[in-house]
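# here is the input, now give the coordinates:
(2 chains)
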There are 2 protein chains.
Amino acid sequence: MEKMFVVKIGGNIIDKEEDLVTFLKLFADIQQPKILIHGGGKLATDLAADLGIEQKLIDGRRVTDEATLKLITMVYGGFINKNIVAKLQSFNCDAIGLSGADANLMSAEKRNTGTIDFGFVGDIKKDGVNSCFLKLLLNNKSIPVIAPITHNNEGQLLNTNADTIAFEIAGSLSAHFDVHLIYCFNKKGILRSGDNENSAIRTITKASAENLKDEKIINEGMIPKIDNAFKALASGVKKVTLGHALELDKIIEGFAGTSIE
Amino acid sequence: MEKMFVVKIGGNIIDKEEDLVTFLKLFADIQQPKILIHGGGKLATDLAADLGIEQKLIDGRRVTDEATLKLITMVYGGFINKNIVAKLQSFNCDAIGLSGADANLMSAEKRNTGTIDFGFVGDIKKDGVNSCFLKLLLNNKSIPVIAPITHNNEGQLLNTNADTIAFEIAGSLSAHFDVHLIYCFNKKGILRSGDNENSAIRTITKASAENLKDEKIINEGMIPKIDNAFKALASGVKKVTLGHALELDKIIEGFAGTSIE
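Numbers count the residues shown, from 1 in each chain, chains lettered A, B, ... in the order given. Take a look at the predicted model:
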């Protein structure tokens, strides 16, 4: 099967214009089929503050009320998505920006956890990714750039975690491609000592992951990423790597990042 | 050649949720290939006021500074575009939202009028519409929903008039389809007496247009629409109609609106 890359870029890179441009150049240089999924970043939080929209948290998790959903749709679906696309186009990468509503790309249902109402938050339905349309684009050499917004097929947009979207997209395409899923952020991988960028662990297996969780080396923010990585492998994704956005080329060559196996 | 519809919907309909939904249902019901182009509306102006972004005008025309461009990208490219797409999806219309940067759909250059700097305003280049990609989507039964934003292929987004985009898109597709271009707004067409909705003129020719301009029946806001209509016909578009958004079905059947011939 043909090799392809599903790359997720985190908010802390998006916030730094210069780093974002460097990363996008590396992404544009990938010769194989590829998809970019982007998160949010500080811009939405800043804009919420400017507009006096209060950010509600329940158990430390953000609640997406109507005003916040509107903000996210404007910032993630509009500003960030279109600026990334325009930049990629300038690097001769034929990008096309999409939310989950566009071409029914990601069909989701509003999260229903019983006691807590997280508001307009969606979880992608089983077989909810329109991989046919992604294949049509990739065959046309069009490069999807995906914002973390889904819809419920009844006219409602929903806020959906970008890491989860990356894993779902990668999984849905693994029937057609050898998919390498790459989570890019502002660290060189899972670091054995938190502040030493040269201590990235090369490889994590299911067994070593448990030990690293016990040792708190895989900590809070990283746990869902690692869990998603194993789920991705279980769903047919060939390879998952976590690494620094500015080392995307080295990650692809196999010389950087933490590989989950 | 196969018949298709390029429909432009104006801001004053977008501002009224109920009217917008009624219009989108009519649009979804069109059986032939179709494209929707949407304008802005009050939302951008309201948000600018909330954020304290001053709207600059030169000779009565809006200047698109960096803050305004950001606002437009958020509101037109994000909020309005994605909400229209999600609504159409709920009506079983497989919509896909696009700006001019996406898939290099509309390549433009920053307007350079010598004395006046309108800021980040773009005019679509000659042959700047990627009609190949639009055909790919239409062949796939995907329905493009286009926001009035273009790009300059060097990473810069640009604000572009939605009426002009409609005319350019219609023209670019007229080599492949019998295109009917429809400008929808909140009036039943060009009205002989401005406040009488039953006085819509059925047909306007180039000769009668000149008389109607002299009589001020075709007034300021309508002049560019009428001029675009004649330009569209000259570029191969088969039919141009102006009419009420809530009468889109009747316009298509030929029973409503003002036809430009």
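# check for me that A:Leu36 belongs to a strand.
Yes - counting by DSSP: H, G, I helix; E, B strand; the rest coil, A:Leu36 is found in a strand.
# so after the helix or strand harbouring A:Val7, what's the next helix or strand?
Using DSSP states H and E, A:Val7 sits within strand A:3-9. Later in the chain than strand A:3-9, the nearest helix or strand by DSSP H and E is helix A:11-14.
# residues contacting that following helix, please?
A:19-20, A:23, A:38-43, A:80, A:184-186, A:245 (C-beta atoms under 8 Å, 6 or more residues apart in numbering or on different chains). Backbone N, C-alpha and C define where each C-beta goes, glycine included.
# quick one: the strand holding A:Val7 to chain centroid distance?
9 Å (C-alpha atoms, centre = their mean, to the nearest Å).
# could you give the angle of it to strand A:34-38?
10 degrees (axes from the mean of the first three to the mean of the last three C-alpha atoms, to 10 degrees).
# what does the pLDDT read for A:Asn198?
The score at A:Asn198 is 89. That number is its pLDDT.
# name the element the closest residue to it other than its chain neighbours belongs to?
Once flanking residues are discounted, A:Asn198 sits nearest to A:Lys188: 7.6 Å by C-beta to C-beta, 6 or more residues apart in numbering or on different chains. Using DSSP H and E, A:Lys188 sits in no helix or strand.
# before we move on, what about A:Ile252?
Assigned by DSSP H and E, A:Ile252 falls in helix A:248-253.
# quick one: average confidence on that helix?
Helix A:248-253 comes out at a mean pLDDT of 97.
# okay, it in CSV with CA atoms only?
What follows is helix A:248-253, C-alpha atoms only, in CSV (Å, rounded to 0.1, in the frame of the first residue of the first chain):
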residue,chain,number,x,y,z
LEU,A,248,9.0,17.1,11.2
ASP,A,249,11.5,16.2,8.4
LYS,A,250,13.7,14.2,10.9
ILE,A,251,10.6,12.5,12.4
ILE,A,252,9.6,11.3,8.9
GLU,A,253,13.2,10.1,8.2
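# what's the following helix or strand after that helix?
Counting by DSSP H and E, the next helix or strand C-terminal to helix A:248-253 is strand A:258-260.
# please tell me how far A:Ile143 sits from A:Asp163.
Here the criterion is C-beta to C-beta, to the nearest Å. By it, A:Ile143 lies 20 Å from A:Asp163.
# how about the residues of the stretch 101-250 of chain A by chain B?
Neighbours of chain B within the stretch 101-250 of chain A, by C-beta under 8 Å from any C-beta of the partner chain: A:101-104, A:133, A:136, A:140, A:142, A:149, A:151, A:153-157.
# top of the residues you listed by number of neighbours, please.
Of all these, A:Ala101 has the most neighbours under the rule other C-beta atoms under 10 Å in any protein chain shown, reaching 36 neighbours.
# residue contacts, that residue?
So A:Ala101 contacts A:149-151, A:157, B:82, B:85-86, B:89, B:95, B:97 (C-beta under 8 Å, 6+ apart).
# show me which positions of the helix holding A:Ile252 end up buried.
A:248, A:251-252 (16 or more other C-beta atoms under 10 Å in any protein chain shown).
# how about residues contacting it?
Under C-beta under 8 Å, 6+ apart, the answer for helix A:248-253 is A:5, A:7, A:23, A:26-27, A:29-30, A:180, A:182, A:184, A:241, A:243-244, A:256-257.
# before we move on, the earlier item: for the strand holding A:Val7, buried residues please.
For strand A:3-9, by 16+ other C-beta under 10 Å, it's A:4-9.
# tell me which strands the worst-scoring helix or strand of chain A on mean pLDDT pairs with, and in which orientation.
Among the helical and strand segments of chain A, the one scoring lowest on mean pLDDT, DSSP states H and E is strand A:61-62, with a mean of 74. Here strand A:61-62 is paired, per DSSP bridges, with strand A:57-58 (antiparallel).
# got the contact list for the partner strand?
For strand A:57-58, contacts defined as C-beta under 8 Å, 6+ apart pick out A:63, A:116, A:118.
# of those, keep whichever come out buried.
Of the contacts of strand A:57-58, these count as buried by 16+ other C-beta under 10 Å: A:63, A:118.
# quick check: closest non-adjacent residue to whichever residue of the stretch 1-150 of chain A sits closest to chain B.
Residue nearest to chain B within the stretch 1-150 of chain A: A:Gly78 (2.1 Å; C-beta to the nearest C-beta). Excluding the flanking residues, the one nearest A:Gly78 by C-beta to C-beta, 6+ apart is B:Gly78, at 2.1 Å.
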